[in-house]
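Q: Okay, here's the prediction I keep looking at, along with the sequence it came from:
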Amino acid sequence: MSVPPTPGSSGPADEGDRADEKPVRKRGSAPGRLARSVASGVLAVLTCVLVPVALLATWVHDIALDTDRYVSTVSPLVTEPAVQDAAVRRITDAVAVRVDGTQAAGDISDWLASQGLPPRAAAAVRMLGPQLDSAVDQAVTRVVTRVVHSEAFADVWTSANRAAHSAVVHALTGQGRGAVGVDEGTVTLDVGTAVDRVKNELVDAGLTPAGKIPEVDRQLVLFHSDQLAKIRKGAHLLDVVGNWFPVLVVVIGTAAVLLARRRRRALARTALGAAFACLVVAIGLVVARRYYLDHLPPQIQSRAAAAAVFDTLLRFLRVSLRTAVVLGVVIALGAYLVGPGRLPVAVRRAGERTADSAASWAHTHQVGAGRVGVWAQAYRRWITLGALLVVALVFALWNHPTVLTILLLVLILLAVLALIALLAAAGRVAGNAESADGHGRGAD
């Protein structure tokens, strides 16, 4: 006696066919699943490694080719006390080498003696040489300090860097020249304009010998690295791929998540891995900074100035790394909170209960969402997905986002999700009330 197949089930013949087909499907699908898992894992690891590299490429590209961003990066250096002090010392030394108070006192003494001044008086004038030399040095230092700390010097600094933006290209690729230059691993600042201004102010103040100051070495060494040649090669490569590298990394990461069997878990792991990689690079920058400052070559006139230049040039890279770390943690946390774990489920249920309570209270006070609530309840998943996409698009189009940008967008997203949940709850409460009214009328 045969048992007829139940609705939705297959007959004996079909069962035999399926029994024959199942092993074939398993043999065909198991390698496919394994290949997808391996490909997803490889792409995820590659994404984690390439995220900090992409940030480095973007930093090099922006610093090297974006004039406005370069100027905004180096402009604060002119107000750095360490850089100002180094510039004052370098310019003062350059001027003081040519203005010798002792020699000037001797010349004055000889001239006065030739005009009939008694020898003892002429000798007394000659003895004023050290005091005159000290007075000249003090006057030069005051004038140099006033020039370096003036707005005019800041304007000269900004204008020179904007007009000679090729200096940064030279620093990273070895091409070009400007106010900041590089020669065999040494980064120098040309203070020639400041020396000329100091010379003019000294002459205007009555120190006429300053007018005879000839051309002197006006290079202030700010940075030195024996590995700069290797850095230039890497910078050139990163500059070439700087425009497309971040997009490529996003595509690789997306492919890693889509190929994974458990996409939510893959997203969380990839995000955390990328955050960890950026954290490692950030720690590496701290170690590199300490090592560099502890091994400064003799060419560096000021350790504090070298530290200021190092920190200023890497400031945006550090901000990008911190932003990537926070973004990775936020994405991983979001992927966890939408999962089936006890804590995520408890959090979501608490949110739903809160929204239902608020909607019920509003309904009893004749406040409702109307059709908007019903629509939000019916299409809640798509509305939520749309909100996520909009926030992601805003972040992608944000010019150089920071940690504050991420926190702001997260707060906005949470507010939007809360509003969606409240509207959907209002739609549910209204629907339940209408159903209760309908049942009541039917019973009557």
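A: Looks like it came in fine. Numbering: from 1, shown residues only.
Q: Just the strands from the stretch 201-350 of the chain, written as ranges.
A: Taking DSSP state E, counting those that start in this stretch, the strands of the stretch 201-350 of the chain run over residues 219-224.
Q: Give the residue spans of it that score low on pLDDT.
A: Within the stretch 201-350 of the chain, the segments meeting pLDDT under 70 span 201-240, 242-243, 298-301.
Q: again, 90 this time
A: Applying pLDDT under 90 to the stretch 201-350 of the chain flags the ranges 201-247, 261-263, 288-317, 337-342, 344, 347-348.
Q: And the stretch 1-150 of the chain, by the same measure?
A: 1-37, 53-150.
Q: one more time with 80, if that's ok
A: 1-30, 32, 60-80, 83-84, 86-144, 146-150 (pLDDT under 80).
Q: burial count for the nearest residue to Ala44 once chain neighbours are set aside?
A: Using Cβ to Cβ, 6 or more residues apart in numbering and skipping residues adjacent in sequence, the residue nearest Ala44 is Ala256, 4.1 Å away. The way it works is simple: take the backbone N, C-alpha and C, and place the C-beta from them, glycine included. The criterion is other Cβ atoms under 10 Å. On that basis, Ala256 has 24 neighbouring residues.
Q: Leu385 too?
A: Neighbours around Leu385, by other Cβ under 10 Å: 11.
Q: Other residues contacting the helix or strand containing it?
A: Assigned by DSSP states H and E, Leu385 belongs to helix 380-397. The list of residues contacting helix 380-397 from outside it, by Cβ atoms under 8 Å, 6 or more residues apart in numbering, reads 376, 401, 405-406, 409, 412-413, 416-417, 420, 424.
Q: and with 7 Å instead?
A: 376, 401, 409, 412-413, 416-417, 420, 424 (Cβ atoms under 7 Å, 6 or more residues apart in numbering).
Q: Looking at those, which two lie furthest apart in space?
A: Using Cβ to Cβ, those span at most 30.2 Å, a distance reached by Pro401 and Ala424.
Q: Between those two, which has more neighbouring residues?
A: When neighbours are counted by other Cβ under 10 Å, Pro401 and Ala424 differ, and Ala424 comes out ahead with 25 against 19.
Q: which SSE is that one in?
A: Ala424 belongs to helix 403-443, assigned by DSSP H and E.
Q: cool, Val374 as well?
A: Counting by DSSP H and E, Val374 is found in helix 371-378.
Q: Next, the buried residues of that helix.
A: By neighbour count on 16 or more other Cβ atoms under 10 Å, the buried set for helix 371-378 is 373-374, 376-377.
Q: for stretch 77-94, same thing?
A: Under 16+ other Cβ under 10 Å, the buried positions of stretch 77-94 are 77-78, 80, 82-92, 94.
Q: What mean pLDDT does stretch 387-396 get?
A: The average of the pLDDT scores along stretch 387-396 is 89.
Q: With just CA atoms, put it into PDB.
A: What follows is stretch 387-396, C-alpha atoms only, in PDB (Å, rounded to 0.1, in the frame of the first residue of the first chain):
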ATOM      1  CA  ALA A 387      18.900  55.700   6.300                       C
ATOM      2  CA  LEU A 388      22.100  53.600   6.600                       C
ATOM      3  CA  LEU A 389      22.900  54.200   2.900                       C
ATOM      4  CA  VAL A 390      22.400  57.900   3.300                       C
ATOM      5  CA  VAL A 391      24.600  58.200   6.300                       C
ATOM      6  CA  ALA A 392      27.300  56.000   4.600                       C
ATOM      7  CA  LEU A 393      27.100  58.300   1.500                       C
ATOM      8  CA  VAL A 394      27.400  61.400   3.600                       C
ATOM      9  CA  PHE A 395      30.500  60.000   5.300                       C
ATOM     10  CA  ALA A 396      32.000  59.000   2.000                       C
END
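Q: And for Ser321, the neighbour number?
A: Slight slip there: residue 321 is Leu, not Ser. With other Cβ under 10 Å as criterion, Leu321 counts 26.
Q: could we number from 6 for the rest of this?
A: Sounds good: first residue 6 from here, last item Leu326.
Q: Would you check that it makes contact with Ala59?
A: No. The pair Leu326 / Ala59 is not scored as a contact, 11.2 Å apart, by Cβ atoms under 7 Å.
Q: residue boundaries of the helices in the stretch 256-405 of the chain?
A: 268-299, 308-318, 320-342, 347-369, 376-383, 385-402 (DSSP state H, counting those that start in this stretch).
Q: Can you check which of those gets nearest to Ala44?
A: Short answer: helix 268-299, nearest of these by Cβ to Cβ, at 11.4 Å.
Q: how about the closest one: buried residues?
A: Result for helix 268-299 [16+ other Cβ under 10 Å]: buried residues 271-284, 286-287, 297.
Q: related to what we said a few turns ago, okay, the helix holding Val379 in CSV with CA atoms only?
A: In CSV, the C-alpha atoms belonging to helix 376-383 read as follows (Å, rounded to 0.1, in the frame of the first residue of the first chain):
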residue,chain,number,x,y,z
ARG,A,376,-0.8,56.9,7.3
VAL,A,377,2.9,57.7,7.9
GLY,A,378,3.0,55.3,10.8
VAL,A,379,1.3,52.6,8.8
TRP,A,380,3.7,53.1,5.9
ALA,A,381,6.7,53.1,8.3
GLN,A,382,5.5,49.9,9.8
ALA,A,383,5.0,48.2,6.4
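Q: helices or strands up against that helix?
A: helix 408-448 (3 or more Cβ pairs under 7 Å, 6 or more residues apart in numbering; DSSP states H and E).
Q: who does the helix it packs on touch, helix- and strand-wise?
A: Helix 408-448 packs on helix 320-342, helix 347-369, helix 376-383, helix 385-402, going by 3+ Cβ pairs under 7 Å, 6+ apart.
Q: Go through these and pick out the most buried.
A: helix 320-342 (a mean of 19; mean count of other Cβ atoms under 10 Å).
Q: Ignoring the adjacent residues along the chain, who's closest to Phe281?
A: Nearest to Phe281 is Cys53, by Cβ to Cβ, 6+ apart, at 7.3 Å.
Q: unless I'm mixing things up, that neighbour is touching Cys283, no?
A: No. Because the distance of 9.1 Å does not satisfy Cβ under 7 Å, Cys53 is recorded as not touching Cys283.
Q: What segments of the stretch 6-155 of the chain are helices?
A: Using DSSP H, counting those that start in this stretch, helices in the stretch 6-155 of the chain cover 17-70, 72-79, 86-101, 106-119, 124-132, 134-153.
Q: Now the shortest one: buried residues?
A: Judged by neighbour count using 16+ other Cβ under 10 Å, the buried positions of helix 72-79 are 74-76, 78-79.
Q: got CSV for those residues, with distance to Thr63 too?
A: Output for the buried residues of helix 72-79, formatted as CSV (distance: Cβ to Cβ, whole Å):
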residue, distance to Thr63
Arg74, 11
Tyr75, 14
Val76, 18
Thr78, 14
Val79, 18
